[in-house]
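Novice: Generate coordinates for the sequence data below:
(2 chains)
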Amino acid sequence: MPAPKTQEPILSPYYQLNGPSQQIKVKYQHPILPMLLAKGKHIEYIKSLDTKTEDLTYYLTEHLRLNGTYWGLTALCLLDAKDTFNKSDIVKFVMSCHNKDGGFGSFPGHDSHLLSTLSALQILLIYDSLESIPCVDKLVQFIECLQLPNGAFQGDRFGEIDTRFVYTAVQSLAILGRLSMKVVQGAVEFISKCKNFDGGYGSVPGAESHSAQVFTCVGTLAILNRLDLVDSELTGWWLSERQLPEGGLNGRAGKLPDVCYSWWVLSSLDIIGKLKWIDFAKLESFILESQDLQNGGISDRPDNMVDVFHTLFGIAGLSLMGYEGLVAVDPVYCLPCDVSAKIRKWPYTE
Amino acid sequence: MHGIKRTHLSEEAKRQRREREASKLKQYRSLDSQLLDLKASNQYDEQSFKLTTEILTLNPEYYTMWNYRRDIFVNFHKVNLSDDQYCKLFDAELGFIMLRLREFPKVYWIWNHRLWILENHPNANWKMELGIVNKLLTLDSRNFHGWQYRRIVIAKIEGDAVGSLDLEEFAYTTEMIQKNFSNFSAWFHRSTLIPRLLSQRKDDPRFKDMFEFISNEVMLLRNAMYTDPDDQSVWIYLRWLLTDDTFKTGISQDQYVGLLKDELRNVNELNELEAEDNGGVENNWCLKTIITIQTLIGEQTGSDVSAEVEIALNKLIEADPLRKNMYIDQLKHNWERQVVSMSDIFRVSVTQQFFNLIRLTAFDLIDLDTGIIDSGTPNGNQRNRFVQFASLFGSSTHGNSDTFVFMEVSSHFDDPNW
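Specialist: As a prediction, this is how the structure comes out:
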């Protein structure tokens, strides 16, 4: 009979795969051996996305291509496989989406929108390529002009208002280091009005709380250094109630779980210092069970079709929970921490 | 992609699908490039309009084409059509959007376009639009877009000098809740109407007396919570009723405390029934609500409710393990409120409370699931507490799991890393 080994806990298959880490910190014990993150498969999946040019879906999703590129690239960064994409190809593609009005569309020829503009800036920041933007002033102006008198932002000139656009505008300006008192005050004022009695936030004042809107609101307040406005006990409670017995998180009371809320809920909890208010082991299993182990990628729920959006937010959720071997993600910016560290923090001192 | 079952097609099946899609793909790409060219050259005419209809039928998420379509309306139709014709065109557009919405009820861009059309309609019929929202919410009573759109439509009708529709909306939420009390969207909508109704519609007997109103509302909830005690919509709404300033400050303190005590009795009763039905297992939401109500009673009366809160929190740690860490934090918080100074600790007898103190202190440092010590270093206060407890406890409580935890921790006192 072989002699028992050292006191190393045996519950870590990551340890067996990846060797000793700096600090063995055991967080929870699984009754059975847990499923593992199929990193290699996911990298292959993300890589394959741009080769499906014979599929109709490839063209039907062009209006999301820049967002999709950000989702894929960030997922690769978190998987420590940033070089899977060719930097100059990607930067070239991003700049081909730049429009005369200063903003970015999601695909060459598509109209500028705040959503695609943020994705463009996040990609350029990851690649240290912000200097590719020919006229930053014009871009800043494009964003600032979308702010309304009540502090809200519309997504483009057609007037849709949503706290998502406040977040995208504020993070975009933060990446450019161009936040201003006027933008900040208006944004904070508008976000404050979107807070509900249950501690959650809605898309506009008077709208029902929704986990993704909580992220955009709490994230905006974090960027603007105004987390004092969040009732973290109440908001933390509402967010923790998003976890369902099967382990996954939902977006609102009485709805089904979905892997993307692993990001919206968990990042918000992390921002307000309540990350551990849900059960990590159960959420981890839910995300891992939603993997496609054959072709890679992660879906909204186990056994559904995968996509790059859920692949990123599943991996990012795992990263927040400290899943071994993943690069740390910043809960405020949804960027790798070493990338978000490059962003100049508000309030600006000089 | 949401809610679509995963399939793994064989290479052969994929090839067949591509063959099937090939002509559609070719058609879509040619249509797309044609439209992008027209758009780039600012061509606004009947032909470009027709082509946007074609592409948006194939791809309703193509926001750039919805934008282009609106630009065609403004730059071509509005200039060249009579008002009457323009109205008819917009009415037809509402029909076109409706077809898209029925198929894709969760696409932001379609809702957004509908709103733009109505806002730019020379003769928008917002009342008819309310009928349409009603229909859409019947199809999916939780549709987030639908509820938000409803609030916009209501505000437009009210803006047309009809006056407040709060009473009608209140009736609508009652109807929706009676159909399905798990519809939190309806409860939430209701919560936005009530403060206004209570201050502005005292002419209506239902809203004349605030205490009577809240009592009736609580009764409505009672039915729901007895039907399904695990439905969080009902409990979250109850929490609003009991904690919102409208009621806290709108009724006398006696009435408020009476209401709280009454509701506490009721929830306790329900909890006992639940425990009887479930082999002694108490109901999570009852326990959570007991904590909320006890805390409010404590605030109002100045009485010390920390023991009751602590009992419920301890039960929740076991009964609702997903949120165990939240309850532990709340327990710490409760303990901090309860014990002002160390001297107070020593006045209490060695009871459940005392075990909790040790448990709490230990939670900061070790993981109870694994019994493995976290690598964090305890601060001075934590160390002091351990030392106090160590001297008090001695070996009198051997065999108790709390003591085991405690001993585990205390055995590390000599560790130089501490």
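Novice: give me the low-pLDDT residue ranges for chain A?
Specialist: Chain A contains residues with pLDDT under 70 at A:1-34, A:350.
Novice: Contact residues of the stretch 101-250 of chain A facing chain B?
Specialist: For the stretch 101-250 of chain A, the residues found near chain B under the criterion C-beta under 8 Å from any C-beta of the partner chain are A:105, A:109-111, A:113, A:156, A:158-160, A:196-198, A:203-204, A:206-210, A:236-237, A:240-241, A:243, A:245. Where C-beta positions appear, they are placed from N, C-alpha and C, glycine not excepted.
Novice: could you measure residue A:254 against chain B, distance?
Specialist: With the distance defined as C-beta to the nearest C-beta, to the nearest Å, residue A:254 ends up 5 Å from chain B.
Novice: tell me, how many neighbours does that residue end up with?
Specialist: Residue A:254 has 15 neighbours, counted by other C-beta atoms under 10 Å in any protein chain shown.
Novice: What residues does it make contact with?
Specialist: Contact partners of residue A:254, counting by C-beta atoms under 8 Å, 6 or more residues apart in numbering or on different chains, are B:142, B:182, B:183, B:184, B:231, B:232, B:233.
Novice: Give me the nearest residue to it, chain neighbours excluded.
Specialist: Nearest residue to residue A:254, sequence neighbours excluded (C-beta to C-beta, 6 or more residues apart in numbering or on different chains): residue B:182, at 5.2 Å.
Novice: Was I right to think the one you found contacts residue B:225?
Specialist: No. With the criterion set as C-beta atoms under 8 Å, residue B:182 and residue B:225 do not qualify as a contacting pair; they are 11.5 Å apart.
Novice: shared neighbours of the two, which are they?
Specialist: With the criterion set as C-beta under 8 Å, 6+ apart, the overlap between the contacts of residue B:182 and residue B:225 is B:231, B:234.
Novice: Quick test: name the residue nearest the centre of chain B.
Specialist: Residue closest to the average C-alpha location in chain B (C-alpha atoms, centre = their mean): residue B:184, at 7.6 Å.
Novice: Does that one touch residue A:252 like I think?
Specialist: Yes. Counting by C-beta under 8 Å, residue B:184 does reach residue A:252; the two are 6.6 Å apart.
Novice: how far away is residue A:222 from chain B?
Specialist: According to C-beta to the nearest C-beta, residue A:222 stands 20 Å off from chain B.
Novice: Quick check: what element follows whichever helix or strand that residue is part of along the chain?
Specialist: Counting by DSSP states H and E, the secondary-structure element that holds residue A:222 is helix A:211-223. Reading on from helix A:211-223 to the C-terminus, the next helix or strand found by DSSP H and E is helix A:232-240.
Novice: Give me the distance from that following helix to the chain's centre.
Specialist: 20 Å (C-alpha atoms, centre = their mean, to the nearest Å).
Novice: and what of stretch B:209-223?
Specialist: Mean C-alpha position of stretch B:209-223 versus that of the full chain (C-alpha atoms, centre = their mean) differs by 22 Å.
Novice: Name the residues that touch it?
Specialist: Residues from elsewhere that reach stretch B:209-223 (C-beta under 8 Å, 6+ apart): B:177, B:194, B:198, B:206-207, B:234, B:237-238, B:241, B:246-247, B:250-252, B:255, B:259, B:263, B:266.
Novice: what's near enough to touch the residue nearest to residue A:254?
Specialist: Residue B:182 is in contact with A:254, B:228, B:231, B:233, B:234, counting by C-beta under 8 Å, 6+ apart.
Novice: how near is it to residue B:109?
Specialist: Here the criterion is C-beta to C-beta, to the nearest Å. By it, residue B:182 lies 29 Å from residue B:109.
Novice: Residue A:336 and chain B: what is the separation?
Specialist: For residue A:336 relative to chain B (C-beta to the nearest C-beta), the value is 24 Å.
Novice: Neighbours of that residue, how many?
Specialist: Residues near residue A:336, counting by other C-beta under 10 Å: 22.
Novice: what's it in contact with, if anything?
Specialist: Neighbouring residues of residue A:336 by C-beta under 8 Å, 6+ apart: A:74, A:77, A:78, A:126, A:327, A:328, A:329, A:330.
Novice: Now list the buried members of the residues you listed.
Specialist: A:74, A:77, A:78, A:126, A:327, A:329, A:330 (16 or more other C-beta atoms under 10 Å in any protein chain shown).
Novice: Can you classify the fifth one by secondary structure?
Specialist: Okay, so that is residue A:327. Secondary structure state of residue A:327, per DSSP: H, G, I helix; E, B strand; the rest coil, is coil.
Novice: Whichever of the residues of the stretch 101-250 of chain A next to chain B end up buried, select them in ChimeraX.
Specialist: To isolate the buried members of these in ChimeraX, using 16+ other C-beta under 10 Å:
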select /A:105,109,110,111,113,156,158,160,196,197,198,203,204,207,208,209,210,236,237,240,241,243
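Novice: The longest helix along chain B near chain A at all?
Specialist: Ranked by number of residues, the top helix in chain B under DSSP state H is helix B:11-40. Yes. For helix B:11-40 and chain A, the contact criterion (C-beta under 8 Å from any C-beta) is met by B:18, B:21, B:24, B:25, B:28, B:29, B:32, B:36, B:39, B:40.
Novice: Helices along the stretch 251-400 of chain B, start to end?
Specialist: Ranges of helices in the stretch 251-400 of chain B, per DSSP state H, counting those that start in this stretch, are B:253-277, B:284-301, B:306-319, B:324-338, B:342-347, B:352-363, B:380-393.
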